[in-house]
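Undergrad: Fold the following and give me the result.
(one chain, ligands or ions: 2)
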Amino acid sequence: MTRPIILGLTGSIGMGKSTVAAMFAAQGVPVFDADAEVRAMQGPGGELLPEIEAAFPGTTAPEGVLRDKLGAVVFADRDELARLEVLIHPAVGRRREAFLIEHAAAPLAVFDIPLLFEKGGAERVDAVVVVSAPAEVQRERVLARDGMTPEKFAQILALQLPDATKRSRADHVIDTGVSLEETEAAVSALVARLTTPPGDTGGPPSSPLR
Ligand SMILES: CC(C)(COP(=O)(O)OP(=O)(O)OC[C@H]1O[C@@H](n2cnc3c(N)ncnc32)[C@H](O)[C@@H]1O)[C@@H](O)C(=O)NCCC(=O)NCCS
Ligand SMILES: Nc1ncnc2c1ncn2[C@@H]1O[C@H](COP(=O)(O)OP(=O)(O)OP(=O)(O)O)[C@@H](O)[C@H]1O
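TA: Ligands and ions are numbered 1, 2, ... in the order given. Purely as a prediction, here's the structure:
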């Protein structure tokens with residue numbers, strides 16, 4: 001079966017993954033949004049609700065997962081988070097396979113996966129793009145969000161690999177501490193580089209993905 005070149009898009013909380021994912025989509029690149037898939041499966045009538053309710057009683061309602069309630073339990077305790085993840089990750093994997101079948105003919109596809117490095121998904125992609133901005137920019141963005149507190153931000157950061165580690169493992173880093181226009185130009189340049197067959201531009205052959 002043919003399949004696209006798969007670009008894993010990741011980055012720590014508030015670094016601009018969603019914004020950059022939208023920029024890839026605007027360039028016509030199919031994007032698999034792991035968070036959106038999880039939210040859909042946790043929403044009204046979502047397939048994960050019965051299992052989550054059984055494992056974490058009182059954290060779901062007919063309208064879906066009570067995110068604040070479930071978040072308070074799992075972000076404070078890694079073992080609880082691991083219990084939630086084993087319910088969620090296989091279902092995300094099935095959705096990802098379906099996405100690849102749907103977009104088998106595309107030259108390039110993006111997997112937007114917040115925890116790509118933390119959960120070992122980096123081996124399933126051809127190259128990794130990390131979005132990154134200075135820590136103070138990240139902090140400002142995150143603390144401006146509704147319902148976010150310095151404590152919750154600290155808890156979430158502690159669950160994620162440091163930004164510097166992510167950058168060091170990336171094949172490509174996209175700077176989101178600059179203007180949206182500059183970030184958009186970096187996304188376009190990367191798409192062009194990855195989708196132009198070697199020799200097409202008369203320039204040097206493109207380097208291998210890894
Ligand atoms: C517990 C839930 C309901 C709380 O929802 P809430 O809307 O309050 O937070 P949200 O989902 O926006 O996450 C906030 C931040 O926490 C980070 N985060 C979410 N899940 C995890 C996790 N398993 N490990 C580390 N960080 C996480 C996200 O990257 C994000 O930056 C939700 O985060 C969840 O279901 N998490 C587990 C699912 C998961 O592992 N998702 C990752 C993508 S596959
Ligand atoms: N150059 C830039 N690139 C990306 N985002 C930018 C840039 N400049 C400003 N921003 C703003 O920063 C914010 C980034 O938020 P976004 O939701 O994309 O982050 P995220 O990494 O997906 O967050 P989370 O991991 O919490 O879901 C947006 O409000 C966006 O408009």
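
Undergrad: which stretches of the chain have low pLDDT?
TA: Per-residue confidence for the chain (pLDDT under 70) gives these ranges: 199-210.

Undergrad: for ligand 1, what are the nearby residues on it?
TA: 13, 34-35, 38, 65, 67, 70-71, 74, 81, 84-85, 88, 92, 114-115, 156, 159-160 (Cβ under 6 Å from any ligand atom). The C-beta positions use only the backbone N, C-alpha and C, and glycine is treated the same way.

Undergrad: Which of those residues fall in helices?
TA: In helices, defined here by DSSP state H, the members of those are 34-35, 38, 67, 70-71, 74, 81, 84-85, 88, 92, 156, 159.

Undergrad: Most neighbours of all the residues you listed, which one?
TA: Of these, residue 34 is surrounded by the most neighbours, 23 neighbours in total, counting by other Cβ atoms under 10 Å.

Undergrad: Next up, the contacts around that one.
TA: 92, 96, 111-114 (Cβ atoms under 8 Å, 6 or more residues apart in numbering).

Undergrad: domains in the chain, as residue ranges please.
TA: 1-30+108-197, 33-102 (automatic domain parsing).

Undergrad: Enumerate every residue touching the most centrally placed residue in the chain.
TA: With the centre of the chain defined as its mean C-alpha position, the nearest residue by Cα atoms, centre = their mean is residue 113, 2.4 Å away. Residue 113 makes contact with 8-10, 34, 119, 121, according to Cβ under 8 Å, 6+ apart.

Undergrad: What's the ChimeraX line that selects buried ones from the residues you listed?
TA: Buried residues within the contacts of residue 113, as defined by 16 or more other Cβ atoms under 10 Å, are selected in ChimeraX through the command that follows:
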select :8,9,10,34,121
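
Undergrad: Could you export the contacts of residue 113 as CSV, including distance to residue 142 and secondary structure?
TA: Shown next, in CSV, are the contacts of residue 113 (distance: Cβ to Cβ, whole Å; DSSP: H, G, I helix; E, B strand; the rest coil):
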residue, distance to residue 142, secondary structure
8, 22, strand
9, 18, strand
10, 16, strand
34, 19, helix
119, 21, coil
121, 23, helix
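
Undergrad: Can you give me the neighbour number for residue 152?
TA: Taking other Cβ under 10 Å as the neighbour definition, residue 152 ends up with a count of 19.

Undergrad: For it, which non-adjacent residue is closest in space?
TA: Counting by Cβ to Cβ, 6 or more residues apart in numbering, residue 152 lies nearest to residue 75, which is 6.8 Å off, once chain neighbours are set aside.

Undergrad: Am I right that that neighbour is in contact with residue 84?
TA: No: taking contacts as Cβ atoms under 8 Å, residue 75 lies outside contact range of residue 84: 10.1 Å.

Undergrad: circling back to that earlier point, how much space between the closest residue to the residue nearest to the centre of the chain other than its chain neighbours and residue 61?
TA: Nearest-residue entry for residue 113: residue 34, 4.7 Å, with adjacent residues in sequence omitted and distances by Cβ to Cβ, 6+ apart. Residue 34 sits 23 Å away from residue 61, going by Cβ to Cβ, to the nearest Å.
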